[in-house]
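K.L.:
Fold the following for me, if possible:
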Amino acid sequence: MLTELRRALLMLLLLTAVTGIAYPLAVTGIANAVFPDQAAGSLIVQHEKALASSLIGQPFADTKHFWSRPSATSPHPYNAGSSAGSNLGPLNPALAEAVTARVKALRDADPGNAAPVPVDLVTASASGLDPHISPAAAEYQVARVARARGLDGQRVRALVAQATEERQLGFLGEPRVNVLRLNLALDDLR
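P.N.:
The predicted structure is shown next:
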């Protein structure tokens, strides 16, 4: 019996060393070598200061910036520690009220814009942290941002085109615009 206990403890120590130390170190080393930016959190650095991660949405509320997708995280928006969807179904009155309020906020911020509001500007993503909006959602906001900044709409539209990321590998996903990168490019125009 003592022999079996000794073997069991030896296996426990061996497997703990392999799966708890060696394997995580190997995976981390490979990730740092092959994907250094992603392994470091995809941080956006300006003037030698880390501003944010390009993988997590940021709240923008002023009219001079493009607005992100709404966040479903709570108690604070874009809280990576509580990433989750709202779990509100399409017939849920709370979702309908939230969407109606978001459409009103968009219309109030740009009263002359009669275009249909893109769905990704009024609904949260599954994670509640999505940093991207569709090119249509960016286009919807171009006139408001250009007017608030005193810029030509074509110049702002050109920035949106530059910030638009194409499908991954040419066929995965949809074209998208990283809102934080676009707003930083706008701020650099000063």
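K.L.:
who's in contact with Ala124?
P.N.:
Residues near Ala124 by C-beta atoms under 8 Å, 6 or more residues apart in numbering: 69-72, 85-86, 130. Placement of C-beta: from N, CA and C, glycine included.
K.L.:
Buried among those residues? Make that a PyMOL selection.
P.N.:
Per 16 or more other C-beta atoms under 10 Å, the buried members of the contacts of Ala124 correspond to this PyMOL selection:
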select buried, resi 69+70+71+72+86+130
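K.L.:
I'd like the contacts of Ala124 laid out as JSON lines, including secondary structure.
P.N.:
Formatted as JSON lines, the contacts of Ala124 follow (DSSP: H, G, I helix; E, B strand; the rest coil):
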{"residue": "Arg69", "secondary structure": "coil"}
{"residue": "Pro70", "secondary structure": "coil"}
{"residue": "Ser71", "secondary structure": "coil"}
{"residue": "Ala72", "secondary structure": "coil"}
{"residue": "Gly85", "secondary structure": "coil"}
{"residue": "Ser86", "secondary structure": "coil"}
{"residue": "Asp130", "secondary structure": "coil"}
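K.L.:
closest to Val179 among the contacts of Ala124?
P.N.:
Nearest to Val179 among those is Arg69, at 8.0 Å by C-beta to C-beta.
K.L.:
I'd assumed Ile56 was in contact with the closest one.
P.N.:
No: assessed by C-beta atoms under 8 Å, Arg69 is found out of contact with Ile56, at 11.7 Å.
K.L.:
Find the nearest non-adjacent residue to the most centrally placed residue in the chain, please.
P.N.:
The residue lying closest to the centre of the chain (C-alpha atoms, centre = their mean) is Pro131, at 1.9 Å. Closest residue in space to Pro131, ignoring its immediate chain neighbours: Gly57 at 4.4 Å, by C-beta to C-beta, 6 or more residues apart in numbering.
K.L.:
can you give me the mean pLDDT across stretch 137-153?
P.N.:
Per-residue pLDDT over stretch 137-153 has a mean of 95.
K.L.:
In it, which residues are buried?
P.N.:
137-146, 149, 151.
K.L.:
hmm, back to that, got the phi/psi numbers for the residue nearest to the centre of the chain?
P.N.:
Per-residue torsions, Pro131: phi -90, psi 0 (degrees, to the nearest 10).
K.L.:
Contact partners for it?
P.N.:
53-58, 68, 178-180.
K.L.:
Equivalent analysis for Gln168, please.
P.N.:
No contacts exist for Gln168 under C-beta under 8 Å, 6+ apart.
K.L.:
now Ala94
P.N.:
Here Ala94 is in contact with Leu88 (C-beta under 8 Å, 6+ apart).
K.L.:
My assumption is that it lies in a strand; please confirm.
P.N.:
No: Ala94: not assigned to a strand; according to three-state DSSP it is helix.
K.L.:
Any buried residues in the helix or strand Ile44 falls within, and which?
P.N.:
Per DSSP states H and E, Ile44 falls inside strand 43-46. Burial within strand 43-46, assessed by neighbour count using 16+ other C-beta under 10 Å, is assigned to Ile44.
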